[in-house]
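**Q** Sequence first, then the predicted structure, then my questions.
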Amino acid sequence: MPRSLVGGDLAGPEMAQPYMKKDDDDEEAVEYSPFFGIEKGAVLQEARAFHDPQLDARRCSQVITKLLYLLNQGETFAKVEATEVFFAVTKLFQSSDAGLRRLVYLMIKELSPSSDEVIIVTSSLMKDMNSKTDMYRANAIRVLCRIIDGTLLTQIERYLKQAIVDKNPAVASAALVSGIHLAQANPEIVKRWSNEVQESVQSRAPLVQFHGLALIHQIRQNDRLAVSKLVSSLTRGSVRSPLAQCLLIRYTSQVMRESSMNSQNGDRPFFDFLESSLRHKSEMVILEAARKITKMDVTSRELAPAITVLQLFLSSSKPVLRFAAVRTLNKVAMTRPLAVTNCNVDLESLMSDTNRSIATLAITTLLKTGNESSVDRLMKQITNFMSDIADEFKIVVVEAIRSLCLKFPLKYRSMLNFLSNSLREEGGFEYKKAIVDSIVTLISEIPDAKEIGLLYLCEFIEDCEFTYLSSQILHFLGNEGPRTSDPSRYIRYIYNRVILENATVRASAVSTLAKFGALVDTLRPRIFVLLRRCLFDTEDEVRDRATLYLQTLGGEVAIGNSEKDAKDFLFGSFDVPLANLEASLRTYEPSEEPFDISLVSREVRLLPLQEKKAPGKKAPAAAAAPAPVSAVDAYQKMLSSIPEFSGFGRLFKSSEPVELTEAETEYAVNVVKHIYENYVVFQYNCTNTIEEQLLENVTVCVDASDAEEFSEICSKPLASLPYNSTRQIFVAFEKPEHVPAIGKFLNLLKFTVKEVDTSTGEADDDGVEDEYQLEDFDIVAADYMLRVPVSNLRNAWENMDPDSERVDEYGLGVRESLAEAVSAVINILGMQPCEGTEVVPRNARSHTCLLSGMFIGDVKVLVRLSFGLSGPNEVAMKLAVRSDDPEVSDKIHEIVASG
C-alpha cells in the first residue's frame, strides 16, 4: 500500500484508530485491519459519493482507499464496473483537497483506463502538470506517462523536457522516472531528451542525480563507446548522491569487464575510481565498491583494500552491514580463501551472532578459510551452534565440513565424529541425506576413513526412519564392507535390517548379505544360513532374491564358466537395455537351447512412435491397436536403460510428438518432451528421407537462452542416420524441483553428409558438414499436468480438504465465443474435462466446466470454472481450485493469471 494511503492527509481519526492496539493490560490485545470484511459490491455503492454536488473530501478519501485496497488484494473489476469507477473518480478533480487529489492520481494509475477513456482525463492531468502546486505537477506527470500512448506523448514532450530541469527535485525526479518507463516502449522519443537528462546528472538533489544517471545510461546502453565516455566523465567529477555513486560503480565495473575482454594487454581503466570509492563516507557506496572489486580478476594487492573494509563492517553495530560483509567474504572464500584468512578472528566472533543467517555465513566462511591447526577448535564451536539453526542452514554447514575434510584429510576423525553425532540429532530427510552423502564421499576419497565411516553408517541405520537412506547405505556397505580388514563386524547390522525393517529395506539387506558371501569366502557358510532364513519372508521380492543368490552362489545354477562370471552376473553393471531384454524374452520360444542374454542387442531400440502421415491419410488399422504397456511406461523403460538418464528418477509425463519440420521435407524431425521432477529430456526422432545421402555425427544444438531456468547437462547424438530409418537424439536439461518452469527452445540439426551410391549402397569416405534449421517449441505449464479423469468430480470435490481451496476471478477479454474461451483455459491448464462439461450449449451466456488432473509431484487437482459474458463478447471467469497441496492450488491460479 502506498505510504500516502496511511499517513499525512489521509490518516484521519476514524481511519487510523483501527490500527492501534487495545489496552496493553488486555491479554487478548490484537492488531486488526480497518479493511476487515469489506466487500466489492458495498464499496462500489459507497463510490456514488463521488457524484455528490457537495463533495465530502474525507469520505471520498476513505472510499478510494478501500477501492485501492481491493485492487491491491487482487480483486478484479468487470469492464462496466471499472468504467463507472473511472468516470466517477474523474469528477473529483473539482475538489481542491490535496490529500484527495493524491488518491485520485493513484486510482487513475491503478485502473489503467483504455485509450478511449484516457482522453477524458488527459486535459485535467495536463492542467495539473502546469499547476503552481509542485505536488500536483509531479504526480500528474507520473500518471500521464503511465496511461498515455506514443501519439499523446509527442503532445506533452515539451512539458516533460521542462520538468526534467525543473528546480523542484520532486518534479524533476518524477519526469526522469517516467522517462525510464517510457524508454521501454518509446525509446526514440526519450532519446531526444538527452541534453536535459545530461543536465539533471549534474543536479545537487540526490534523487534527481540518481534517476538522471539511470536514464542517461538506458538511453546510451546500446552504444558501448558512449557508455564508456559517460563513465569516464563522471568518475573524474564529483557524484554527490550515494545512490548515483552505486550506479556509477556498477556501470564502471561493466565497462572494465568489457574493455578487458576486448583488449589483450589486460589494462583495467577506472580501477582507481573503484578503490577511491572504498573511502567514501556512505556505507552503501563502500559495500558496492568492495563487492565489485571482489568479483573482478585482480591481484592480491588490489584485493586487499576491499577485504579490509569488509573486515571493518564485520564488527559494525548494524546487522545489515554485518550480513552484507560476511556474505561477500563467503563468496570470496570460495575462490580465494587465503585472502580472507585475516578476517578469521572477526568471523569467529560472529558465530554467536543473534542473527542466524550471519552466524551460518560466518561458520561456513571459517570452514573454507581455516587452517589445519584450527579444525578441532572449529568443530567444538560448531557443535553448540548447530542446535540453534534450521535444517537448510545445517546442510550448508555439512557441505562446508565435507569440503574442509577433503582439504585436510588428516583431520577426518574429528569431522566424521561430528557428522556421526549430527546423524543422531533430530532433522529432516534432506539434512540426513546431506550428512550420509558427505560420509560416503569422505570414505571414497580418504582410504583411512573407510572403516570408522562404515561403522558410523551402520549405527545410523539401526535407528533410521528413511527407507531411501537405509537402502543407499546398505548398497554402499555391500560394495565397501567386504574389502575391509574385518568384514564380519558389519553382518549383525545388516541382518538386523532383515528382521526389523520394511520390505524394501529387507530386500536391500538380502542383496548386501549376498555381496559379502560372494566376496568373502570365509563368511560364505554363515551368509548361506542367514539367506536360508530369508526364504520364509512374507515378501515375494525378499524370497526371490534369497533364492537367486543361494542357488547362484552355491553353484546349483551355472552362470558362465567361472565363479567370477556368477559374481559379475549378480553384482556387475547391467549393460543390456531393459526394453530390449523384455522384447527378447517375449519372442523367446522354450527349447533345448537356453536363452542367451549375450545375444540381446545393446543398442537402444526405437519405441513404436507415431509415424509421420501425409495429410488426409489414415493410419493402418493394425497400427491403431494400443500396446499392452502404456506410453509412459515404455518411455520410462527406454530412458532408464540409457546410462546418462538412469538416475533421473521416475518419469512423470511424456508429451505427444511435436513436429519440428514441414511435411515432405528432406529430413523429418519431431520431438517428445519427457518430464521428470528435476529434469526434462527431449527425444528428437529423426528420419532421413533422401536415398542418396548418409548422415553421420548427427546432433541437435538446442538454444535455451529464452528458458533461463533450464540448464543443459548432457546430450546423446547419433553416429549415423541411413536412408528411410528413424533414430533418436536425446538432449537433457536440469530444472528446479517441483517448479513448472517454462521457456522456448530453438533447435538446429547439425550433421555430416556423405553421398551414397544407390546401386551398391556404399557411401563416400569424405563428407560435408551441413546444418538444417528446425522449428522452435515451448515447454508450457500444461506439460506438468497429467490428464486424469474422475468419474464423479462433485463427490471428489466434497471429499477434498476445503482449506486447500483457492478462488479468484479473471477477465479473459474479448473472445469469439464462450466455447473458445473454455477451450483456451483447458489447453492452458492441460487438465481432463469431466462429465462432458467441455461442451458449451449454443447461445449460452454462462457455463460451468469441471476439470481434473495430476500435477507434477503426484498432486491431485480439481478445478471448477464458471464462465459468463459480461459485455459484447467480453468473457469473465471464476476459478475455484482444490488440491492435495494448497501451494499447488496457488500455482494453478498463477498459471491462469500468466496465461
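**A** Done, it's in. Numbers count the residues shown, from 1 in each chain.

**Q** Only C-alpha atoms from now on, for both contacts and neighbour counts.
**A** Will do.

**Q** For burial, what's the neighbour tally of residue 83?
**A** Applying other CA atoms under 10 Å, we find 16 residues neighbouring residue 83.

**Q** Pull out the buried residues from the helix or strand that contains it.
**A** Assigned by DSSP states H and E, residue 83 belongs to helix 79-90. The neighbour-count check on helix 79-90 (16 or more other CA atoms under 10 Å) flags 82-83, 85-87, 89-90 as buried.

**Q** same deal with stretch 493-509?
**A** Result for stretch 493-509 [16+ other CA under 10 Å]: buried residues 493-495, 497-498, 501, 503-509.

**Q** what pLDDT, on average, does the helix or strand harbouring residue 345 get?
**A** Using DSSP H and E, the element containing residue 345 is helix 344-350. Per-region confidence: helix 344-350 scores 85 on mean pLDDT.

**Q** What helices and strands are in contact with it?
**A** The contact analysis (3 or more CA pairs under 8 Å, 6 or more residues apart in numbering; DSSP states H and E) places helix 344-350 against helix 356-369.

**Q** mind checking how far the helix or strand that comes right after the helix it packs on is from the chain centre?
**A** Counting by DSSP H and E, the next helix or strand C-terminal to helix 356-369 is helix 375-386. Between the centre of helix 375-386 and the centre of its host chain there is 34 Å, according to CA atoms, centre = their mean, to the nearest Å.

**Q** Residues touching helix 375-386, excluding its own?
**A** 351-352, 363, 367, 394, 411, 414-415, 418 (CA atoms under 8 Å, 6 or more residues apart in numbering).

**Q** Which members of those residues are the farthest-apart pair?
**A** 352 and 411 (24.2 Å; CA to CA).

**Q** Pick the one among the buried residues of helix 79-90 closest to residue 592.
**A** Among the buried residues of helix 79-90, and counting by CA to CA, the member closest to residue 592 is residue 82, at 83.8 Å.

**Q** Can you give the contact residues for the helix or strand containing residue 198?
**A** Using DSSP H and E, residue 198 maps to helix 194-201. Helix 194-201 has contacts (CA under 8 Å, 6+ apart) with 161, 164-165, 176, 208-210, 212-213, 215-216, 219.

**Q** Go again with 7 Å.
**A** 161, 164-165, 208-209, 212-213, 216 (CA atoms under 7 Å, 6 or more residues apart in numbering).

**Q** can you map out the strands along the stretch 51-200 of the chain?
**A** Read by DSSP state E, counting those that start in this stretch, the stretch 51-200 of the chain holds no strands at all.

**Q** so where's it shaky on pLDDT?
**A** 115-116 (pLDDT under 70).

**Q** Could you tell me whether residue 750 really is in a strand?
**A** Yes - Residue 750: assigned to a strand according to DSSP: H, G, I helix; E, B strand; the rest coil.

**Q** What is the burial count for it?
**A** Residue 750 has 19 nearby residues by other CA under 10 Å.

**Q** repeat for residue 695
**A** 25.

**Q** Would you check that it makes contact with residue 754?
**A** Yes - judged on CA atoms under 7 Å, residue 695 makes contact with residue 754 at a distance of 6.3 Å.

**Q** Just grab the bridge partners of residue 711 for me.
**A** residue 734 (DSSP bridges).

**Q** what sits against it?
**A** 733-735.

**Q** how does it look with 10 Å?
**A** 679-680, 704-705, 732-736 (CA atoms under 10 Å, 6 or more residues apart in numbering).
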